[in-house]
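Q: need a structure here:
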Amino acid sequence: MEKILAGIRKFQSNVVTQQPEMFQELSKGQRPPVLLITCSDSRICPNMVTQSQLGDLFVLRTAGNIVPPYGAVQGGGEAATIEYAVGALKVEDIIVCGHSHCGAMKGLLAPESLVNLPSVKSYLGHAEATRRIVEDHFCDIECEAERLRHTIEQNVLVQLHNLRTHPQVAAALKTGNLRLHGWVYTIESGVITTFDETENQFVELFDRRPAHELQATA
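A: Reported below is the predicted structural model:
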C-alpha cells in the first residue's frame, strides 16, 4: 500500500501540477472514441499498451474479458457500461482484447481448479461456448501453451458474438456507426494480434519489420 500512496503523491505533485490545463479540460466531460474491453489482469495497462492519454479510452475490465450476453445478468455492470459507451458517448470502435497467460482461460480449461472459487466458476459460464469450441476442435493439441493460445483467441471471438446481442451495439452496427475488433495481447513481447475476417485467423496488428525493409517491398 505504501507504494500506491507514494505514487499518488508523485502524481499530484509531478503530473497534475505540470499539466493543469489538461486536467481542467478533462473535468468538463469525456468523449472517448473507443471502448476497450479487456481482462482485469494486473499485467494489462490499456493506456500503456496503446500509448493513449487520459480521456482516449473508455475501459471495461472483467475476468477473462468476458461480455455476458444481453439479459444474462440482470442489472449487470457490463451491460450498463456497454450501453453508456455506445448510446451516450457514441464510441466509434469497440475492442475486445484478450491476453496471453490468462488465468481465467486456464480456469476454463481446468474447472477442477475453481472448486474454492464458486463465483469465478459461475462467471466463466459466459465462456462456455469457448470451452466447447476448444473441446471439439482443438482437443488433439497436446501442448498446453498452444491449447491455451487457441482458447484465448476463440474466447475473444465468442465475446464479440456476445457483444453483438446488446441492443445498442446491434443498432449501431446496423447503421454503420460502430466497428468491432478482436485483439490478443502477448505480455512478454508486446505483440498484438487482431482477427482478420478475410484470412479467418489472428494476424499481427502491425508488420514489425524495419521501415527501410517495408519501403523496399512497397
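Q: Next, count neighbours for the nearest residue to Ala129 once chain neighbours are set aside.
A: What sits nearest to Ala129 in space, not counting adjacent residues and going by Cβ to Cβ, 6 or more residues apart in numbering, is Val158, at 4.8 Å. C-betas here are computed from N, CA, C, even on glycine. Residues lying near Val158 (other Cβ atoms under 10 Å) number 22.
Q: Show me what the strand or helix carrying Val158 packs onto, helices and strands only.
A: In the assignment (DSSP states H and E), Val158 maps to helix 144-163. In terms of contact count using 3 or more Cβ pairs under 8 Å, 6 or more residues apart in numbering; DSSP states H and E, helix 144-163 is assigned the packing partners strand 93-99, helix 103-109, helix 128-137, strand 179-185, strand 192-196.
Q: Pull out the CA atoms of the helix or strand following that helix and give them to me as CSV.
A: Using DSSP H and E, the helix or strand that follows helix 144-163 in sequence is helix 167-174. The C-alpha trace of helix 167-174 is given here as CSV (Å, rounded to 0.1, in the frame of the first residue of the first chain):
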residue,chain,number,x,y,z
PRO,A,167,-29.2,-3.7,-28.4
GLN,A,168,-27.2,-0.5,-28.6
VAL,A,169,-24.3,-2.4,-30.2
ALA,A,170,-26.6,-4.2,-32.7
ALA,A,171,-28.3,-0.9,-33.7
ALA,A,172,-25.0,1.0,-34.1
LEU,A,173,-23.6,-1.8,-36.2
LYS,A,174,-26.7,-1.8,-38.4
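Q: Deepest-packed of the helices and strands packed on helix 144-163, please.
A: strand 93-99 (a mean of 23; mean count of other Cβ atoms under 10 Å).
Q: any low-confidence regions in this protein?
A: Filtered on pLDDT under 70, the chain yields the residue ranges 207-218.
Q: quick one on the thing from earlier: what's in contact with the helix holding Val158?
A: Applying Cβ atoms under 8 Å, 6 or more residues apart in numbering, the external contacts of helix 144-163 come out as 37, 64-70, 82, 94, 96-102, 105-106, 108-109, 126-127, 129-131, 133-134, 138, 141, 169, 180, 182-184, 193, 195, 202.
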